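Enquirer: here is the input, now give the coordinates:
(2 chains)
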Amino acid sequence: MSVFYVWLAVSIYVAIGLAIAWAVRRQLGLGMSEFFLANRTLGGFISALTYSATTYSAFMMVGLAGFTYRGGVGALGFEFTYLCGLFLAVYFAPRFWLVGRKYNYISPAELLADRYQSKAVAVVAAVLALVFLVPYGAAQLMGIGFLVSGISEGAIPVIVGIVLATVLAVAWANIAGMRSVAWTDAMQALIMIVTSVIVLFLVVYLGFGGFGPFFHRMQADIPGLLRVPAETGMFNFKMYLGLCVPWTFFCLSNPQVSQRLFIPKSVTALKQMIGGFLCFGFIYTLVTVMWGFSARLLVPGLPKADLASPSLLALPIIPRFLAIIVMVGIMAAAISTIDSILLTLSSMFARDIYKNLNPEASENRELSLGKWVIPIMSLIALVFAIWASRGTGLKVMIVSLSVAASAGLLMAVPSIIGAFFWKRGTAKGALASMIGGAIFTMVLQLGGYKPLGHWPGVWGLAACTLLFIVVSLLTSPPRQKADEFIGYLKDELPKHRFI
Amino acid sequence: MDGTASHEAAGKNSIVWLIWFLFLFLVDFIVPFAWLSTIQKVTGAFLFWIIWTLVAIVSMFVIFLRWRE
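Expert: Got it, this is the predicted structure:
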């Protein structure tokens, strides 16, 4: 594929993104809430698209399509289970949204610290996020590097793709904070969904003759991939459970996602955000899985399952210009996740770590520090990504940490649930749960242990829940704050017909 | 409806929906692995998970479409 056209497509994408980011910068006001939460004034449509783009990363078109290629229908079940984990949002989104407005929380860690009346809780929750999200961001950068290099047949080096993605993520996070991130996310979400749907229809109609023949070929040629466990051995029950447990709680455990529960401007916008994401997720998941099945039928025998999407795009039935646009779509998926992670981590560093260590610091100082943290974090992720892409020994660690990220972030879930529903929960319980659970999970993850065949995330969730309950029962809760916090919600929830 | 009554009604509603979603998640794990594991057709686990997801999504819509400003 011509390098010129790859660069042309990337240039147009960058130009449109920068134009959008600069246009919304005119609305940027002052203060932490303005920069990191768009002053809680985003409408439903943009909220839904930024939530979707942040949640769905390059994992979908590369990882999930590959999962389907190798493991079949279990990939559909796993990803749909994750989507339906959003049922937690119908309980927690209104609660996050209400207390966010009342107490002016910037980050989910700040919410926990205030509820449990402990600065240490904020610091630990922020450190957990930093430890687990930076490698996750690095993995996204690597994905972009390999994708751009692959599509250009090596003419664009991996490192150029990685640096380009880093620069874009930093720019879009820094230009106008949440406003530029949300609006560029919206653009990127539309690119992701439109290009992937067009390619699916082209593949199905030109490659198989329509959906009827496509399904017929699936049943005739790859029947063993239409059940769980698959004939390849993938998606046995324990693997399925191990994947589903951490991801079902994704909307609570990942701070870059739960922070978005603070930003809708009204109840209507909140409804539109959740409803829009559910529709987006349903279509995008189904399309991605069908990409995986199509690749299995049209390009069988690939050495690595992750090559499913690139191989599909390389088929002669896909116009070259469309393949390049899809490449931009996958890039967009990764960058929209990275810039959101950078923004959330910088807000947590400024508010939950720096502010707690320097209580006298002004809001301007916090904000200024937060803006500096964005390029620093990105530099760390960049260095990780470059080392890993060169295949040094660190690669093993990066991959392990990326896989561990979803399980590690899960350790904050009992504390979050307890904050809203259990007055007896304590700061010491939250700290023991997050620290003990994270160490336990990391030991299992990095050591490759799966007691009784179950994955680290499953054991980690059990351990941190137990620690939270037992330690809380042995220590003294902040009764006054618990009564005020939960009492406020008890009064407000029925007013909006929240459950 | 006074404050206490509305709190109680919201609480009951919340628990009923929680039970429904837990049931859905049990079904998500049991049906494909126990009942559909020998059916190697599009009308097996593939169709099941699509319908299951639509049911879950519609359930969520039923809940949040009632929300008011």
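
Enquirer: A:Val131 against A:Gly408, yeah?
Expert: Yes: the criterion here is C-beta atoms under 8 Å, and A:Val131 meets it with A:Gly408 at 7.0 Å. Any C-beta I mention is one placed from the backbone N, CA and C, and that applies to glycine too.

Enquirer: shared neighbours of those two, anything?
Expert: Among the neighbours of A:Val131, those also in contact with A:Gly408 (C-beta atoms under 8 Å, 6 or more residues apart in numbering or on different chains) are A:Ala438.

Enquirer: just checking, A:Leu298 touches A:Val203?
Expert: Yes: checked against C-beta under 8 Å, the pair A:Leu298 and A:Val203 is within contact range at 7.4 Å.

Enquirer: neighbour-wise, which of these two wins?
Expert: Higher neighbour count among A:Leu298 and A:Val203: A:Val203, with 23 against 16, using other C-beta atoms under 10 Å in any protein chain shown.

Enquirer: tell me the helix or strand right after the helix or strand encompassing A:Lys428.
Expert: Here A:Lys428 sits within helix A:427-447, counting by DSSP states H and E. Moving toward the C-terminus from helix A:427-447, the next helix or strand (DSSP H and E) is helix A:456-474.

Enquirer: next secondary structure after that following helix?
Expert: helix A:479-495.

Enquirer: would you mind naming what in the stretch 51-200 of chain A lies close to chain B?
Expert: Counting by C-beta under 8 Å from any C-beta of the partner chain, the stretch 51-200 of chain A comes close to chain B at A:73-74, A:76-77, A:80-81, A:83-84, A:86-87, A:90-91, A:94.

Enquirer: thinking again about what came up before, and the helix holding A:Lys428, what does it pack against?
Expert: helix A:108-116, helix A:119-151, helix A:394-409, helix A:413-421, helix A:456-474 (3 or more C-beta pairs under 8 Å, 6 or more residues apart in numbering or on different chains; DSSP states H and E).

Enquirer: go again with 6 Å.
Expert: Where contact means 3 or more C-beta pairs under 6 Å, 6 or more residues apart in numbering or on different chains; DSSP states H and E, helix A:427-447 is packed against helix A:119-151, helix A:394-409, helix A:413-421, helix A:456-474.

Enquirer: what are the buried residues along it?
Expert: Residues A:427-438, A:440-442, A:444-445 are the ones in helix A:427-447 that count as buried (16 or more other C-beta atoms under 10 Å in any protein chain shown).

Enquirer: centre of the chain to it, how far?
Expert: Its chain's C-alpha centre and that of helix A:427-447 lie 21 Å apart, by C-alpha atoms, centre = their mean, to the nearest Å.

Enquirer: and for stretch A:210-219?
Expert: Taking C-alpha atoms, centre = their mean, one finds stretch A:210-219 lying 32 Å from the centre of the chain it belongs to.

Enquirer: please apply the same query to stretch A:59-68.
Expert: Counting by C-alpha atoms, centre = their mean, stretch A:59-68 comes out at 15 Å from the chain centroid.

Enquirer: return the helix or strand in the chain with minimum mean pLDDT.
Expert: Let's take chain A. Least confident helix or strand, chain A: helix A:394-409 with a mean of 64, by mean pLDDT, DSSP states H and E.

Enquirer: I was after chain B.
Expert: helix B:3-30 (a mean of 84).

Enquirer: show me what the helix or strand A:Asn364 falls within is packed up against.
Expert: For A:Asn364, the host element (DSSP H and E) is helix A:363-389. Judged by 3+ C-beta pairs under 6 Å, 6+ apart, the packing partners of helix A:363-389 are helix A:32-37, helix A:119-151, helix A:158-176, helix A:320-348, helix A:394-409.

Enquirer: so the residue of chain B found nearest chain A: helix, strand or coil?
Expert: Going by C-beta to the nearest C-beta, chain A is nearest to B:Gln40 of chain B, at 3.5 Å. At B:Gln40, secondary structure determined by DSSP: H, G, I helix; E, B strand; the rest coil is coil.

Enquirer: quick one: pLDDT of it?
Expert: What the model reports as pLDDT for B:Gln40 is 94.

Enquirer: next one: A:Phe59
Expert: At A:Phe59, pLDDT is 77.

Enquirer: just A:Gly77 next, same as before
Expert: With respect to pLDDT, A:Gly77 scores 95.

Enquirer: look up phi and psi at the residue in the stretch 101-250 of chain A that chain B sits nearest to.
Expert: Per C-beta to the nearest C-beta, A:Pro223 is where the stretch 101-250 of chain A lies closest to chain B, at 3.5 Å. Backbone geometry at A:Pro223, expressed as degrees, to the nearest 10, gives phi -60, psi -30.

Enquirer: could I get the helices and strands packed on helix A:427-447 as a markdown table with mean neighbour count?
Expert: Shown next, in a markdown table, are the helices and strands packed on helix A:427-447 (neighbours: other C-beta atoms under 10 Å in any protein chain shown):
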| stretch | mean neighbour count |
| --- | --- |
| helix A:119-151 | 24 |
| helix A:394-409 | 20 |
| helix A:413-421 | 22 |
| helix A:456-474 | 21 |
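
Enquirer: looking at those helices, which one has the lowest mean pLDDT?
Expert: Per-stretch mean pLDDT for those is lowest at helix A:394-409 (a mean of 64).

Enquirer: secondary structure element for A:Phe155?
Expert: Slight slip there: residue A:155 is Ala, not Phe. With DSSP H and E as the test, A:Ala155 turns up in no helix or strand.

Enquirer: check contacts around it.
Expert: A:Val3 (C-beta atoms under 6 Å, 6 or more residues apart in numbering or on different chains).

Enquirer: how close does the spatially closest residue to A:Ile159 that is not a sequence neighbour sit to A:Tyr136?
Expert: Once flanking residues are discounted, A:Ile159 sits nearest to A:Ile386: 6.1 Å by C-beta to C-beta, 6 or more residues apart in numbering or on different chains. Distance of A:Ile386 to A:Tyr136, computed by C-beta to C-beta, to the nearest Å: 16 Å.

Enquirer: for A:Leu225, what are its contacts?
Expert: A:Gly72 are the contacts of A:Leu225 under C-beta under 6 Å, 6+ apart.

Enquirer: do you know the pLDDT at it?
Expert: For A:Leu225, the model assigns a pLDDT of 96.

Enquirer: got the phi/psi numbers for it?
Expert: phi -100, psi 0.

Enquirer: ok, now the one 3 residues further on?
Expert: Taking degrees, to the nearest 10, you get phi -120, psi 140 for the backbone angles of A:Val228.

Enquirer: counting neighbours, what do you get for it?
Expert: 26.

Enquirer: that one is in contact with A:Gly72, isn't it?
Expert: No: checked against C-beta atoms under 6 Å, the pair A:Val228 and A:Gly72 is beyond contact range at 7.7 Å.

Enquirer: what's the burial count for B:Val55?
Expert: 13.

Enquirer: need the pLDDT of the residue nearest to A:Leu190 when sequence neighbours are not counted.
Expert: Distances taken as C-beta to C-beta, 6+ apart place A:Leu49 nearest to A:Leu190, at 7.0 Å, with adjacent residues excluded. pLDDT for A:Leu49: 93.

Enquirer: helices and strands around the helix or strand A:Leu49 falls within, which ones?
Expert: According to DSSP H and E, A:Leu49 maps onto helix A:44-55. For helix A:44-55, the packing partners by 3+ C-beta pairs under 6 Å, 6+ apart come out as helix A:178-202, helix A:267-298, helix A:320-348.

Enquirer: just name the most buried of the ones you listed.
Expert: helix A:320-348 (a mean of 26; mean count of other C-beta atoms under 10 Å in any protein chain shown).

Enquirer: report the buried residues of whichever helix or strand comes after that helix.
Expert: As assigned by DSSP H and E, the chain's next helix or strand after helix A:320-348 is helix A:355-357. For helix A:355-357, burial by neighbour count (16+ other C-beta under 10 Å) applies to A:Lys355, A:Asn356.

Enquirer: and for helix A:355-357, what's in contact with it?
Expert: Residues contacting helix A:355-357 (C-beta under 6 Å, 6+ apart): A:Lys119, A:Ala122, A:Val123, A:Ala361, A:Glu366.

Enquirer: what about the last one, how many neighbours?
Expert: Right, A:Glu366. Neighbours of A:Glu366 using other C-beta under 10 Å come to 22.

Enquirer: sounds good, over and out.
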